[in-house]
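> Take a look and give me a structure for this.
(one chain, ligands or ions: 1)
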Amino acid sequence: MLPDLETPRLALRPRRPADLDGCLAMDLDPSVARFIWGAPPDAEKHRQGLRARFADGWPKLGGIWVVEERAAPGFLGWCGLFPLEKTGLIEIGYRYLPKAWGRGIATEAAACVLDRGFRNFAFDPIVAISHPENRASHRVLRKIGLARRADAVHYRQTVAVFRLSRADYLALGKGLGDGPAQAATPSDPPRTP
Ligand SMILES: CC(C)(COP(=O)(O)OP(=O)(O)OC[C@H]1O[C@@H](n2cnc3c(N)ncnc32)[C@H](O)[C@@H]1OP(=O)(O)O)[C@@H](O)C(=O)NCCC(=O)NCCS
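All right, here's what the predicted structure looks like:
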């Protein structure tokens with residue numbers, strides 16, 4: 001069971017089936033889809049894929065949190081930790097409605113989730129993948145401490161790979177956390193968080 005999390009401005013809560021419409025509308029926005037699929041996915045197929053994800057309780061390792069402003073509750077997007085295909089590694093990922101962009105919300109939520117991933121789940125390392133041109137996402141990843149490595153192919157695309165080890169994160173002395181550790185194991189999921 002994932003805990004609710006809080007940052008100075010944000011409330012993060014586990015994603016639930018009632019978030020399906022919010023996730024679908026976000027994913028069908030061309031500016032959101034641009035660096036993920038190139039163009040929005042087919043609406044009905046995507047709805048079915050999301051429904052299957054919710055029913056399946058994906059991801060089995062990590063979790064997805066819906067992000068809301070504490071001062072103005074409502075779905076803004078999500079941030080989460082989940083297995084990266086074919087690697088046995090855990091990936092941090094996020095996606096927001098355009099109305100939430102440019103306010104540091106993605107960075108604030110990702111820093112909180114990253115801290116959870118290292119301190120509570122004890123994932124090591126945590127990686128991220130991103131379209132090579134997705135500069136806003138690269139900036140978020142760098143600001144929370146990940147460094148870019150060599151590009152690789154994941155989910156049939158060439159992607160920029162970012163990585164941070166647990167030791168390097170803890171040495172940075174960022175964030176707060178508590179609770180039991182949960183070890184990562186290999187997994188191979190499709191890419192439709
Ligand atoms: C990627 C995404 C989460 C970034 O959200 P955001 O609200 O812009 O993020 P933040 O405001 O926390 O920080 C963005 C940083 O990138 C910078 N940035 C934004 N656009 C940029 C661009 N085109 N080039 C370079 N830097 C850029 C911002 O200036 C900011 O850095 P700063 O704080 O040093 O000024 C958001 O654009 C999004 O949801 N996109 C659609 C889904 C997606 O691509 N997800 C990532 C998949 S890997």
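> what number of residues lie near Arg70?
11 (other C-beta atoms under 10 Å). Bear in mind the C-beta positions are built from the backbone N, C-alpha and C, glycine included.
> From Met1, how far off is it?
For Arg70, the distance to Met1 equals 22 Å [C-beta to C-beta, to the nearest Å].
> Please name the residues that touch Val127.
Leu84, Thr87, Leu89, Ile90, Glu91, Ile92, Leu146, Val161, Phe162, Arg163, Leu164 (C-beta atoms under 8 Å, 6 or more residues apart in numbering).
> Restricted to buried residues, select these in ChimeraX.
The ChimeraX selection below is limited to those of these classed as buried (16 or more other C-beta atoms under 10 Å):
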select :84,87,89,90,91,92,146,161,162,164
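> How is the residue nearest the centre of the chain assigned, secondary-structure-wise?
The residue lying closest to the centre of the chain (C-alpha atoms, centre = their mean) is Gly93, at 2.2 Å. Of the three states, Gly93 takes strand according to DSSP: H, G, I helix; E, B strand; the rest coil.
> if I pick it, what's in contact with it?
Gly93 makes contact with Cys79, Gly80, Leu81, Phe82, Ala128, Pro193, according to C-beta under 8 Å, 6+ apart.
> how many neighbours does Arg116 have?
25.
> State the distance from it to the ligand.
17 Å (C-beta to the nearest ligand atom, to the nearest Å).
> at contact distance from the ligand, anything in stretch 29-41?
Yes - judged by C-beta under 6 Å from any ligand atom, stretch 29-41 and the ligand are in contact via Val32, Phe35, Ile36.
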